[in-house]
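Participant: A structural model of the following input is requested.
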Amino acid sequence: MPRGRPKNTEARREQIVEGLLDVIAEHGYDGASIVAIARAAGLAPGGVHYHFKTKQDVLIALASRLGDTLRRRWELRMSDAGPDPLVRLDAFIDAHLALQGSADPRAVAAWVVIAAESLRRPEVRSAYAAVVDERLTTLRSLCGECLREQLGSAHGAAAAAAAILAAIEGAYALATAAPQSIPPGTAAPTIRKMARSLLTA
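Facilitator: Numbers count the residues shown, from 1 in each chain. Below is the predicted model of the structure:
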């Protein structure tokens, strides 16, 4: 059933990005033709082409949107985290991996697709790297706070941040490609424990 037809350009673009998210979840990126995206968005194919030249351009917009969504999830959790840096780090990990609340398996699948396409397409790599760099900057700051409080020095914050983000990205890949390999609900608590072992030793 077609969705409502937003009048402004930004809302229409968002509608198309949401269409790609739906198509990736059901058919993967290879199945995401402009026709399929248009159908999922409730538009004619010409409406997609009016706002995006290619499906890769829609994917790049989706990467930016997923980054914004993760930031909002973390900021929401941060409002309840308080000043303890370890609790703030837990909030960051939970924003990425916790199953309750606003978790969206479609977004996880789409992010894995974006990571894979970034290996082949420089434009997608730039969009992917922008989101990853923002997350790493936040993680380095959080890890530095934890290390200063626990050990008196932020030395090792960059390595800890990279390890934590690699674990999060790995959990995404496994959840998409081999979901039976991760017991439901275990990724966030396991990576929280790993993070604490890196930052409190």
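Participant: what's around Gln56, how many residues?
Facilitator: 15 (other Cβ atoms under 10 Å). In this view, the C-beta of every residue, glycine as well, is placed from N, C-alpha and C.
Participant: for the one 3 residues further on, same thing?
Facilitator: For Leu59, the number of neighbouring residues by other Cβ under 10 Å comes to 25.
Participant: just the helices in the chain please.
Facilitator: 9-27, 34-41, 45-51, 55-78, 85-97, 105-118, 122-151, 157-177, 187-200 (DSSP state H).
Participant: packing partners of the shortest one?
Facilitator: Going back to what we said before, that points to helix 45-51. helix 9-27, helix 34-41 (3 or more Cβ pairs under 8 Å, 6 or more residues apart in numbering; DSSP states H and E).
Participant: next: the first one.
Facilitator: For helix 9-27, the contact count by 3+ Cβ pairs under 8 Å, 6+ apart identifies helix 34-41, helix 45-51, helix 55-78, helix 105-118 as packing neighbours.
Participant: let's have the helices of the chain in JSON lines, adding mean pLDDT.
Facilitator: Shown next, in JSON lines, are these (pLDDT from 0 to 100):
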{"stretch": "helix 9-27", "mean pLDDT": "94"}
{"stretch": "helix 34-41", "mean pLDDT": "96"}
{"stretch": "helix 45-51", "mean pLDDT": "94"}
{"stretch": "helix 55-78", "mean pLDDT": "93"}
{"stretch": "helix 85-97", "mean pLDDT": "94"}
{"stretch": "helix 105-118", "mean pLDDT": "94"}
{"stretch": "helix 122-151", "mean pLDDT": "96"}
{"stretch": "helix 157-177", "mean pLDDT": "96"}
{"stretch": "helix 187-200", "mean pLDDT": "94"}
